[in-house]
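*Asks:* coords please:
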Amino acid sequence: MDKLSKKDFKKIKKFQEGEITEYHIYQYIAKKEKDEKNIEILLEIADDELRHYHIWEEISGIKIKPNRFVIFMYKILILIFGYTFALRIMERGEENAQDAYGKIDAYQDVIEKITKEEEEHEMQLLDMLDEDRLNYVGSMVLGLNDALVELSGTLAGLTLAFQGNTELISLSGLITGIAASLSMAASEYLSSKSEKKENAFKSSLYTGGAYIITVILLVLPYLLLSNAFVALGIMLGTVVFIIFFFNLYISIAKNLNFKQRFLQMAIISLGVAALSFVIGLGIEQVLGVSI
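*Replies:* Numbering: from 1, shown residues only. Sure thing, here's the model as predicted:
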C-alpha cells in the first residue's frame, strides 16, 4: 500500500470492481449455457477473474462489491442480443483495462501476469463462441438484405406511381412484402435441403422472419402518415437505421469490419430505392399512367 499513490489506489479499486463484476457475469452466462465445453471454459475464466480480484484486494487492502448495475445491463444484453455479443463487449472492456494497467507505476510484475492471463481469456473466448443464433447469420443477412433492397425500391416507386396515396402504397407494400417473405423462406428451406444442411426449417424461419420484420418496419410510416413523401423520407431513414444496427451487431458478435459492411448495404439499398423512384416518375410522366 505504501508504494501506491492516491491516483493509483483509485485505479486499482476500479480494476478490483471490474474483476469481481466480470466474475459474476461469467458465472451468469455459464448457468445459461448448455454446451458443456463452453460452460467449462466460462467457469474457468470466472475463477481467474475472481483470483485477479483477490490479487488486487491484497494490494488495496479493502473489499469491493460488484457493480450490480453493470451486471443487470449485461443480463439485458444477453437476453436481447445473446451471450456472444455480450462477451465481445466485455472483451473490449478488458482491452481498455489492459491499457490502463500500463499507466500504473507500481506492481508491474503483477500487472504483467494479469495482462497475460487476460489475453489468454480473449483467445479462449474466440474459440468457444458458437452461439446457435449466430450459426444462422447467413440466413438473416439473406432475408434482411433482400427485404431492404426489394421493398425500399418498391415503396419508393409506388410513392410516385400511386400519386402519393398512402393507403394504396401501404397495402401494395404489405402484399408484396408478405408474399416475398414466404417465397424467400421457402427458397431458403429448399436450398438448405438440397445442400443437405441440418436444421433447414430453422434456417428458413430466420430468413423469413428477418424479411417480415423488415417489411413491417418499412411499411409502417405509410400506415401512420397521410403524406406519402414524408413517409418515404422516414422509410429511407429506417433503412439506414436497420442497416446500421444490424451491421453493428454482426460486426461486434463476429468481429468483422463494420464500416465496409455498412457502406456496402447502404449504397445498394438506397441506390435501388433511388432508381425505383425514377422509374415511378417515368411511369407517371412518360407512359401517362396514373392512379
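*Asks:* Would you mind listing the buried residues in stretch 157-174?
*Replies:* 157-162, 164-166, 168-174 (16 or more other Cβ atoms under 10 Å). All C-beta spots, glycine's among them, are computed from the backbone N, C-alpha and C.
*Asks:* Could you work out the most separated pair of these?
*Replies:* Spatial extent of the buried residues of stretch 157-174 (Cβ to Cβ) is set by the pair 160 and 174 at 18.7 Å.
*Asks:* Report the central residue of the chain.
*Replies:* For the chain, the residue lying nearest the average C-alpha position, counting by Cα atoms, centre = their mean, turns out to be residue 249 (1.7 Å).
*Asks:* Is that residue in contact with residue 81, as I believe?
*Replies:* Yes. In this structure, residue 249 sits in contact with residue 81. The criterion is Cβ atoms under 8 Å, and the distance is 6.4 Å.
*Asks:* so where's this structure uncertain?
*Replies:* Low-confidence segments of the chain, defined by pLDDT under 70, are located at 1-4, 93-108, 119-139, 142, 276-277, 280-291.
*Asks:* helices or strands up against the helix or strand hosting residue 7?
*Replies:* Assessed by DSSP states H and E, residue 7 sits inside helix 6-32. Identification of packing neighbours for helix 6-32 by 3 or more Cβ pairs under 8 Å, 6 or more residues apart in numbering; DSSP states H and E yields helix 36-60, helix 68-81, helix 83-101.
*Asks:* Now with 10 Å, please.
*Replies:* Packing contacts for helix 6-32, counted by 3 or more Cβ pairs under 10 Å, 6 or more residues apart in numbering; DSSP states H and E, involve helix 36-60, helix 68-81, helix 83-101, helix 108-128.
*Asks:* Identify whichever of these lies nearest to residue 259.
*Replies:* From the helices and strands packed on helix 6-32, taking Cβ to Cβ, the stretch that ends up closest is helix 83-101, at 16.6 Å.
*Asks:* any idea how far residue 109 is from residue 20?
*Replies:* Applying Cβ to Cβ, to the nearest Å, one obtains 22 Å for the distance of residue 109 from residue 20.
*Asks:* about what we covered before: next, give phi and psi for the residue nearest to the centre of the chain.
*Replies:* Note on residue 249: backbone dihedrals following degrees, to the nearest 10 are phi -60, psi -50.
*Asks:* who's in contact with it?
*Replies:* Under the criterion of Cβ atoms under 10 Å, 6 or more residues apart in numbering, the contact partners of residue 249 comprise 80-82, 84-85, 88, 134, 137, 140, 258.
*Asks:* any idea which of those is closest to residue 62?
*Replies:* With Cβ to Cβ as the yardstick, the closest approach to residue 62 among the contacts of residue 249 comes from residue 88, at 31.3 Å.
*Asks:* before we move on, the earlier item: just the ones of the buried residues of stretch 157-174 in strands?
*Replies:* Using DSSP state E, the subset of these located in strands is empty.
*Asks:* Ok, which of the helices and strands packed on helix 6-32 comes nearest residue 144?
*Replies:* Of all the helices and strands packed on helix 6-32, the one in closest proximity to residue 144, counting by Cβ to Cβ, is helix 68-81 (15.4 Å).
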